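>>> Structural data only, the sequence is not supplied:
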């Protein structure tokens with residue numbers, strides 16, 4: 001083991017490489033990286049029910065509301081739902097492929113959306129299935145814990161809100177575990193798969209061996225990465241709010257002058273205004289992500305080569321951000 005923590009010594013190199021790739025400003029490079037950032041940023045979603053746990057006597061404390069399908073026919077509703085699910089899965093798959101494409105772009109200096117996309121579709125599929133597996137594990141454990149609580153009577157006589165509060169520590173712990181696994185997969189397993197031309201299972205086996213050989217550095221990296229990510233999220237959040245303000249305030253003034261709110265703000269008018277602001281701001285918000293996404297990927301690649309020189313994908317010249 002070394003006394004110099006990789007998580008700290010790799011920061012300067014990642015900053016330097018990020019500057020070299022993104023400056024002087026090249027519109028094509030930034031736009032392509034913005035598209036990649038849009039996909040590798042991931043998707044999220046949530047849902048909930050109105051289920052009430054039974055009391056000790058087995059009587060149902062509450063009942064599930066009868067769905068009205070938002071005023072749509074059941075067939076139409078489920079067709080729309082199926083289409084949304086398919087699009088979400090397709091989005092996630094494309095994002096999985098772009099995880100590999102991004103590494104190719106940064107390690108070669110040639111930022112292209114299509115140059116290695118077809119080549120990385122296979123590895124991207126394996127990464128996508130791994131993400132599905134992690135989501136399945138997360139949901140299964142949560143459902144299992146809830147069922148265990150009902151069967152054993154832990155939640156008997158407990159108000160629904162309190163029962164949900166009891167689940168919060170479990171959710172947080174499980175989210176940290178799953179999040180760390182996915183982070184290590186993206187940061188280390190993906191480049192190992194590229195370097196060794198192997199699948200995700202073999203990639204995880206090799207990456208685990210690399211990290212296990214220096215657990216102190218691995219632990220410091222996880223902590224440092226989380227802290228850096230939080231700081232970056234705060235910075236991006238502040239800058240994002242500024243972008244929304246710069247675009248939203250003038251639009252609101254124009255809407256007032258155009259008499260859109262002459263009879264007072266209506267829900268439809270507000271939704272229309274918010275939608276316009278989001279659509280106009282989206283390209284700028286994506287461009288805002290580019291330096292951060294680029295830095296973090298260079299950062300993890302630099303850390304990996306310090307763990308294992310055999311997996312140094314940054315050995316080639318830093319490149320000139322060719323098209």
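Nice, I can see it. Please read all numbers here as calculations on a predicted model, not as lab measurements.
>>> list the buried ones in stretch 169-183?
Residues of stretch 169-183 classed as buried by neighbour count (16 or more other CB atoms under 10 Å): 174, 178, 182, 183. Bear in mind the C-beta positions are built from the backbone N, C-alpha and C, glycine included.
>>> next one: stretch 91-103
Residues of stretch 91-103 classed as buried: 92, 93, 94, 95, 96, 97, 98, 99, 100, 101, 102, 103 (neighbour count, 16+ other CB under 10 Å).
>>> likewise stretch 183-200?
Neighbour-count burial for stretch 183-200, counted by 16+ other CB under 10 Å, picks out 183-195, 198, 200.
>>> ok, so of those, who is nearest residue 170?
Nearest to residue 170 among those, counting by CB to CB, is residue 183 at 20.1 Å.
>>> what pLDDT, on average, does stretch 89-96 get?
For stretch 89-96, the mean per-residue pLDDT is 95.
>>> Tell me how far that stretch lies from the chain's centre.
Averaging C-alpha positions (CA atoms, centre = their mean, to the nearest Å) puts stretch 89-96 11 Å from its chain's average.
>>> ditto for stretch 94-104
Worked out by CA atoms, centre = their mean, stretch 94-104 lies 13 Å from the chain centre.
>>> what's next to it, contact-wise?
36, 39-43, 113, 115-117, 120-121, 123-125, 127-128, 131, 186, 190-191, 193-194, 293, 297, 301, 313 (CB atoms under 8 Å, 6 or more residues apart in numbering).
>>> from memory residue 214 sits against residue 308, does it?
No - applying CB atoms under 8 Å as the test, residue 214 and residue 308 come out as separate, 9.7 Å apart.
>>> neighbours around residue 118, how many?
9 (other CB atoms under 10 Å).
>>> That one should be in a strand, yeah?
No - checked against DSSP: H, G, I helix; E, B strand; the rest coil, residue 118 lies outside a strand; its state is coil.
>>> Going by distance to residue 147, which of the buried residues of stretch 169-183 wins?
Distance to residue 147 across the buried residues of stretch 169-183 (CB to CB) is lowest for residue 174, with 15.2 Å.
>>> Show the pLDDT at residue 272.
Reported pLDDT at residue 272 in the predicted model: 83.
>>> Pretty sure it sits in a strand.
No - applying three-state DSSP, one finds residue 272 to be helix, outside a strand.
>>> Report how many residues lie close to it.
Residue 272 has 13 neighbouring residues, counting by other CB under 10 Å.
>>> so how far is residue 175 from it?
For residue 272, the distance to residue 175 equals 35 Å [CB to CB, to the nearest Å].
>>> Repeat that for residue 139.
Distance of residue 139 to residue 175, computed by CB to CB: 12 Å.
>>> what's the next secondary structure element after the worst-scoring helix or strand of the chain on mean pLDDT?
Least confident helix or strand of the chain, by mean pLDDT, DSSP states H and E, is helix 160-184 with a mean of 84. Next helix or strand after helix 160-184 toward the C-terminus (DSSP states H and E): helix 190-196.
>>> same question for that next one, mean pLDDT?
In this model, helix 190-196 has an average pLDDT of 97.
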